[in-house]
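K.L.:
Task: produce atomic coordinates for the following.
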Amino acid sequence: MSIILYETLDSDSTYYNSTPVPDVMISEASAEQNIDPNSLMVDIEAIHAMPHATRNYTRYTEKCLKNSVPFWTKPYNRPLIKHHNEKNGDIIGRVVDASYKARDTLSNTPALVLTVNIPGEQAKADVKNGINQTVSIGVIAEDVRCSICGKPIELDNNGNVISCEHQKGHVYGKETAFWDIYSMEPKEVSYVIVPSDMFAGNLRSYSATKSKPPRVSESYKEEGKIEGMDIHEMEAKLKAAEDKVTNLETGFKALTETKESLEVKIKDTTARANETAEKLAAVEATNTELTKKIETLEAANNELTTKVSDLTNIKSDLETKATEELKMREGLETELASTKIALKESLIDALQALRKVHGKAELDREQLKNREESSIRDSISDLKFEMQESVKQQVPGTVKNPALTEEADDTDKISTKESNDIGNVDLKAGLETIFMAIAGARR
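P.N.:
Presented below is the predicted three-dimensional model:
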């Protein structure tokens, strides 16, 4: 699957084709170029090679840029447009030359340099006044690989990567995922507002009547000229080269001094790093000791938590028992109160019975209820004592039942035999039997 890439940030920078695009293999024959003498030539660093990366998280290999050079002008000159508008945009120029530049680039990495011809007056003015300054290339990337795992990138119909789990721009561990471009087919180059390659833009512009500095060839001609350059130009170039060597030597000396200074700094930094490592080791040892203490405290805390849980359960059981005992106590108190009331009623019944036996009128029951239990018992004791004294005073054989009230004169007389029988009765024992029976019934 081939992937169409636009290295700009002001539009969707990635498109894809579901149909593979075959590799383009063409000859290096020059295409016919009709250049207006009044047109403008612009040299552009269009894209830069690894390790430089675009803000779209794409990277171009050196081999990719080198191999693409002939295809910018063959079999036709690729167009210069704006904002990758291929459908209805105007062509403002054409690529007339392409080259690979290995050093001295804006990014300090190898770059693809394109020379474009711009004939239109407005387009020329936009370049000269700096409006058209930054560029983006549009290409068909035929070999794109994941920088993390190296697998070829494959996309689904929604543009999602399906060949591996790495998404460009995402960080995996400490490594950022990029799409590395190993092969591409040029489509166009565009002036854009925000390029994804921040160094992609115009290098210089010049009139079409002024040719670019010719490339030096190693073949000499007999008349003392070098192909494309006479001897005077060569001498000037040689002097310039010598001056450059002198400058390089001066720069090398400065670099040597810088190197020595850096070595001192490195030595100092190494010493500080060792000191830091020792401190770190001490901190780690302290951390290990603290970790052990924390583990001991956690174990003690767990044990205390278990004990607290046990005590909480015991407390809950005790509270339950206390509640049950309280209920039982309340029940007993209620039962005791009821028993006291019943006992008082029994004592009142016994008192009333004794008074009846003694021949006395019954007392008001409500008033008796308001009296103390001890008072009622005292009354009972007094009646029993009176009955005992009364029994002692009775004449043998003529005992009269005190429970009987005096009858009229016409009441039948008790026979002598009945009187004798009554005299033989133990009145005290009988009264006690009656009292105990009444008391037992009340209980």
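
K.L.:
ranges for the strands of the stretch 51-200 of the chain?
P.N.:
Assignment of strands within the stretch 51-200 of the chain using DSSP state E, counting those that start in this stretch yields the ranges 58-60, 79-82, 93-101, 111-118, 135-146, 171-172, 175-176, 179-191.

K.L.:
And these: which comes nearest residue 318?
P.N.:
Set against residue 318 and scored by Cβ to Cβ, the strands of the stretch 51-200 of the chain come closest in strand 171-172, at 61.0 Å. Yep, even glycine has a C-beta here, placed from its N, CA and C like the rest.

K.L.:
Quick check: mean pLDDT of that closest one?
P.N.:
Mean per-residue pLDDT for strand 171-172: 96.

K.L.:
what sits up against it?
P.N.:
148, 166, 177 (Cβ atoms under 8 Å, 6 or more residues apart in numbering).

K.L.:
Can you list the low-confidence ranges for the stretch 101-250 of the chain?
P.N.:
For the stretch 101-250 of the chain, the stretches with pLDDT under 70 are 210-237, 239, 245.

K.L.:
Show me which residues of stretch 59-79 are buried.
P.N.:
Judged by neighbour count using 16 or more other Cβ atoms under 10 Å, the buried positions of stretch 59-79 are 59-61, 64-65, 68-74, 77-79.

K.L.:
rewinding a little: nearest to residue 201 among the strands of the stretch 51-200 of the chain would be which one?
P.N.:
strand 135-146 (5.8 Å).

K.L.:
any idea how far that closest one is from the chain center?
P.N.:
Computed by Cα atoms, centre = their mean, to the nearest Å, the chain-centroid distance of strand 135-146 equals 37 Å.

K.L.:
Out of the buried residues of stretch 59-79, which comes closest to residue 371?
P.N.:
residue 59 (115.6 Å).

K.L.:
Helices of the stretch 201-350 of the chain, residue ranges please.
P.N.:
231-357 (DSSP state H, counting those that start in this stretch).

K.L.:
oh, I was asking about the stretch 1-150 of the chain
P.N.:
Ranges of helices within the stretch 1-150 of the chain are 62-68, 121-128, based on DSSP H, counting those that start in this stretch.

K.L.:
Quick one: mean pLDDT over stretch 283-296.
P.N.:
pLDDT averaged over stretch 283-296 gives 90.

K.L.:
and what of stretch 369-389?
P.N.:
Per-residue scores along stretch 369-389 average to 88.

K.L.:
Go through that stretch and flag the buried ones.
P.N.:
Across stretch 369-389, burial judged by 16+ other Cβ under 10 Å covers 371, 376, 379-380, 383-384, 387.

K.L.:
for those residues, which one is nearest residue 128?
P.N.:
For these, the nearest to residue 128 is residue 371 (132.3 Å; Cβ to Cβ).

K.L.:
circling back to that earlier point, which one of the strands of the stretch 51-200 of the chain lies closest to residue 8?
P.N.:
Comparing the strands of the stretch 51-200 of the chain by Cβ to Cβ, strand 135-146 comes nearest, at 3.8 Å.

K.L.:
packing partners for the closest one?
P.N.:
In terms of contacts (3 or more Cβ pairs under 8 Å, 6 or more residues apart in numbering; DSSP states H and E), strand 135-146 is packed against strand 3-6, strand 40-48, strand 179-191.

K.L.:
coming back round to it: so which of the strands of the stretch 51-200 of the chain gets nearest residue 333?
P.N.:
Taking the strands of the stretch 51-200 of the chain one by one with Cβ to Cβ, strand 171-172 is closest: 79.3 Å.

K.L.:
partner strands of the closest one, parallel or antiparallel?
P.N.:
Strand pairing for strand 171-172, determined by DSSP bridges: strand 175-176 (antiparallel).
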